[in-house]
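Novice: below is the sequence, then the predicted model.
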Amino acid sequence: MLDIAGVRGDRPLTYRAASLVLVLEALLVVAVLAVVIAGTRLPANLIAFRLTPGPVLIAVLWVAGLFLLRRAGRSLPWHESGQAPDGQSRPRGHKRHHTEQQASAKGTSTTKSALIFAAAALVTLVAGVFLERSGDAIADHTGLSGVLFGATVLAAATSLPEISTGLASVKHGDYQLAISDIFGGNAFLPVLFLAATLLSGKAVLPQAQNTDIYLTALAMLYVLGLAGLFAIAT
């Protein structure tokens, strides 16, 4: 979608955004998903203080991964800073500083920005509930299985934020930020298993079906393929 609607020229997004830092971000996604699959094989009664090992390890791995990625982006002695030749010309996140300067010039305060963000987050939360309920109803009405509907229609609907932010990033020439946003969202989502376990008091991951595990493994292969493209380009 980003290639079709946002990227101009004969170079695809996977080449323009190629960076060794993105390779590490892809590996973090794969590592988190590997723990998800491992957590599905643990016994359902392995729970204490409303916690199970799988979600806790996922959260710890995610936090540690963020710390290591932050250090990797600044201090690893990579040739050409780990960037692909003829790729993104300006550093990742360059538009953010420009946006901050524009907001300061317009007199937009941090408090106002925080209130707008909180309101948008609340709307997103409410919309997510309606999306989940309506998705179940549509799947039952059309006769699609929950897995098939979730992997197609629901997945497309929930990817709209990444498409929106990705198009904005690509428009400003920040190709790496577009890919990083996708990787970051997919690395964080499994962390929500921790919240689900705390709220329900039950082991969530052992309830996964074979189709869930299959789709998770498929996602790992896809992300590894992207990491390979980035590594080849750099």
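Specialist: Good, I have the coordinates.
Novice: let me see the domain layout of the chain.
Specialist: Structurally, the chain divides into domains by automatic domain parsing as follows: 1-88+173-234, 106-172.
Novice: could I get those domains as JSON lines with mean pLDDT and mean neighbour count?
Specialist: In this view, the C-beta of every residue, glycine as well, is placed from N, C-alpha and C. As requested, the domains of the chain are arranged in JSON lines below (pLDDT from 0 to 100; neighbours: other CB atoms under 10 Å):
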{"stretch": "domain 1-88+173-234", "mean pLDDT": "86", "mean neighbour count": "17"}
{"stretch": "domain 106-172", "mean pLDDT": "82", "mean neighbour count": "13"}
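Novice: helices of this structure, start to end?
Specialist: Taking DSSP state H as the criterion, the chain carries its helices at 2-5, 13-16, 20-40, 53-75, 94-105, 110-142, 146-149, 155-158, 160-171, 175-188, 192-200, 210-233.
Novice: out of those helices, which gets nearest to Leu46?
Specialist: helix 53-75 (6.6 Å; CB to CB).
Novice: who does the closest one touch, helix- and strand-wise?
Specialist: With contacts defined as 3 or more CB pairs under 8 Å, 6 or more residues apart in numbering; DSSP states H and E, the packing partners of helix 53-75 are helix 20-40, helix 175-188, helix 192-200.
Novice: and it with helix 192-200, angle?
Specialist: Per axes from the mean of the first three to the mean of the last three CA atoms, to 10 degrees, the angle that helix 53-75 makes with helix 192-200 is 150 degrees.
Novice: so for this structure, the centremost residue is which one?
Specialist: Nearest residue to the geometric centre of the chain (CA atoms, centre = their mean): Gly185, 1.9 Å.
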